[in-house]
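>>> let me see the structure of the following:
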Amino acid sequence: MDNWQRQYRITFGVPLYEKDAYFTQGSLICAKVPYRQNPTQDPPQDAIMISNIPSDGNALRGFDFSFTSVRDMSTSPTKNEKTTLVIKNLSPEMYKIFNTEGCMVKVEAGYVDSGVFTVYQGFVDSVRVQRNITDIDYRIMLKEAHLDVKNAKVSIDFPETDNAEKALQALVKLMPSISQQEINIETLRKIRVAGGFSFEGKLIDMIIEFCRAYNIVFSIFNGKFVARYNDMVQGSSDYDEAKFNTYVLDSNQVKDFSILTDNSQKMSKEAKVNPDINVALFLTNITFDNFITITEDIDPEYVGTYQPKIIKTRLNSVSNVWDTVITGSSM
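Coordinates of the predicted model:
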């Protein structure tokens, strides 16, 4: 019988990083751009760890915390993200670290039988202190790739004629906190960047501008950059490249399943055929490079494959909230 006892580990610290890594200039060849090798891709070795995992040397009772993260696939995911970690009664040392610029936070969670996995990795944006009658709540606002978004600037040009996919891959490699990317968009390979292009300014603005120009949505999810064609259709060449990432949901994972409708719009026949879905699961390791398949035993009317648009992670160490909520659209 599976053991559903919840486990978690929260690691935080301030990695050393070179400011030079956040500025790139010159003429670049797409295929020769390497990943930035920067310590901000992982928490530092002297990071503080709090957990309820015995092998970490901690008590099963653990800590009193809650965590909520809402991330999406869009042309502006860094602006749309809303992530909050609330911890009660931090020590002065912990509070000082969370308040230090560049503090990185990694949240891992899971169950005893399956172990923990990374549900979030990002940087502290701000800390708010709220005093209650008996406790002090430390409300820590987090952002994925926060240092990249604030600091990464470029003054570059790609002089050669190349395809748009290679150009986007090269731009992502210039982000110091990104260690992986999932960009397999067959459509972009057919588009030639004739004569190359130039850009000067914030790197994230360049990536957003590029994605909007080619109808691409993206997400930065736990240090990984994921992009796909916005209007992907099941059976298309872009879908065929990514369909091996399809996650077939087990009905035992599902807490709640519902259909999302927009009451401000008249319900057309098309709207009824392809509505968005909302599925709440026991905490599950699903990311934006997965598609999800709804089976008959979950809902016979809405069987099919859906692409996640929004992923919400909710953790609470003292309640029953320990889940993943996905909003998906039909393909």
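>>> and the pLDDT for the residue nearest to Asp64 when sequence neighbours are not counted?
Leaving aside its sequence neighbours, Asp64 sits nearest to Lys88 (C-beta to C-beta, 6 or more residues apart in numbering; 4.5 Å). Placement of C-beta: from N, CA and C, glycine included. Looking at Lys88, its pLDDT is 89.
>>> Lys88: how many residues sit nearby?
Other residues within reach of Lys88, judged by other C-beta atoms under 10 Å, total 17.
>>> identify the residues contacting the helix or strand where Ser66 lies?
Counting by DSSP states H and E, the element that carries Ser66 is strand 65-72. By C-beta atoms under 8 Å, 6 or more residues apart in numbering, the residues outside strand 65-72 that reach it are 10, 77, 80-88, 107, 109, 119-120, 142, 144, 219, 221, 288, 309-317, 321.
>>> quick one: it to chain centroid distance?
Offset of strand 65-72 from its chain centre (C-alpha atoms, centre = their mean, to the nearest Å): 11 Å.
>>> related to what we said a few turns ago, buried subset of the contacts of strand 65-72?
For the contacts of strand 65-72, a burial check counting by 16 or more other C-beta atoms under 10 Å picks out 10, 77, 81, 83, 85-88, 107, 109, 119-120, 142, 144, 219, 221, 288, 309-317.
>>> please name the strands paired to the longest strand seen in the chain in the sheet, noting orientation.
Using DSSP state E, we find that the single longest strand of the chain is strand 115-131. When sheet partners are counted by DSSP bridges, strand 115-131 sits next to strand 104-111 (antiparallel), strand 136-143 (antiparallel).
>>> could you pull out the buried residues of that strand?
116, 118-125.
>>> so how far is it from its chain's centroid?
Counting by C-alpha atoms, centre = their mean, strand 115-131 comes out at 13 Å from the chain centroid.
>>> other residues contacting that strand?
Applying C-beta under 8 Å, 6+ apart, the contact partners of strand 115-131 are 7-9, 12, 40, 53, 67, 69, 83, 95, 98-99, 102-110, 136-147, 177, 222-223, 283, 285, 313, 315.
>>> narrow these to those that are buried.
Buried members of those, scored by 16+ other C-beta under 10 Å, are 7-9, 12, 40, 53, 67, 69, 83, 95, 98, 102-110, 137-138, 140-147, 177, 222-223, 283, 313, 315.
>>> surely Asp135 meets Lys88?
Yes: checked against C-beta atoms under 8 Å, the pair Asp135 and Lys88 is within contact range at 4.8 Å.
>>> which neighbours do those two share?
Asp64.
>>> bridging residues for Ser66?
Val86, Asn316.
>>> nearest residue to Tyr247 other than its sequence neighbours?
Per C-beta to C-beta, 6+ apart, closest to Tyr247 is Asn290, 4.5 Å.
>>> so that neighbour versus Ile207, what's the distance?
Distance from Asn290 to Ile207, counting by C-beta to C-beta, to the nearest Å: 22 Å.
>>> neighbour count: the two, which is higher?
Ile207 (25 against 18).
>>> who's in contact with Thr313?
By C-beta under 8 Å, 6+ apart, Thr313 lies in contact with 67-69, 119-120, 283, 323-325.
>>> let's go with 7 Å and repeat that
The contact partners of Thr313, taken as C-beta atoms under 7 Å, 6 or more residues apart in numbering, are 69, 119-120, 324.
>>> swap in Val33?
Val33 makes contact with 170, 173-174, according to C-beta under 7 Å, 6+ apart.
>>> closest to Glu160 out of the residues you listed?
Lowest distance from Glu160 to those (C-beta to C-beta) belongs to Ala170, with 11.0 Å.
>>> which stretches of the stretch 1-150 of the chain have low pLDDT?
Along the stretch 1-150 of the chain, segments meeting pLDDT under 70 span 1-4, 37, 39, 58-62.
>>> phi, psi for the residue lying farthest from the centre of the chain please.
Going by C-alpha atoms, centre = their mean, the residue of the chain most distant from its centre is Ile133, 35.3 Å out. Note on Ile133: backbone dihedrals following degrees, to the nearest 10 are phi -60, psi -40.
>>> quick test: name the residue nearest the centre of the chain.
Short answer for the chain (C-alpha atoms, centre = their mean): Phe221, at 2.0 Å.
>>> wait, isn't that residue in contact with Phe288?
Yes: counting by C-beta atoms under 7 Å, Phe221 touches Phe288, with 5.5 Å between them.
>>> circling back: by neighbours, which of the contacts of Val33 wins?
Neighbour max across the contacts of Val33 (other C-beta under 10 Å) = Leu174, 24 neighbours.
>>> any idea which helix or strand carries the closest residue to it other than its chain neighbours?
Leaving out its chain neighbours, the residue that sits closest to Leu174 by C-beta to C-beta, 6+ apart is Thr24, at 5.3 Å. Using DSSP H and E, Thr24 maps to strand 23-27.
>>> give me the sheet partners of that strand and which way each runs.
When DSSP bridges is applied, strand 23-27 pairs with strand 153-158 (parallel).
>>> how is this structure divided into domains?
Residue ranges for the domains of the chain, per automatic domain parsing: 1-234, 237-330.
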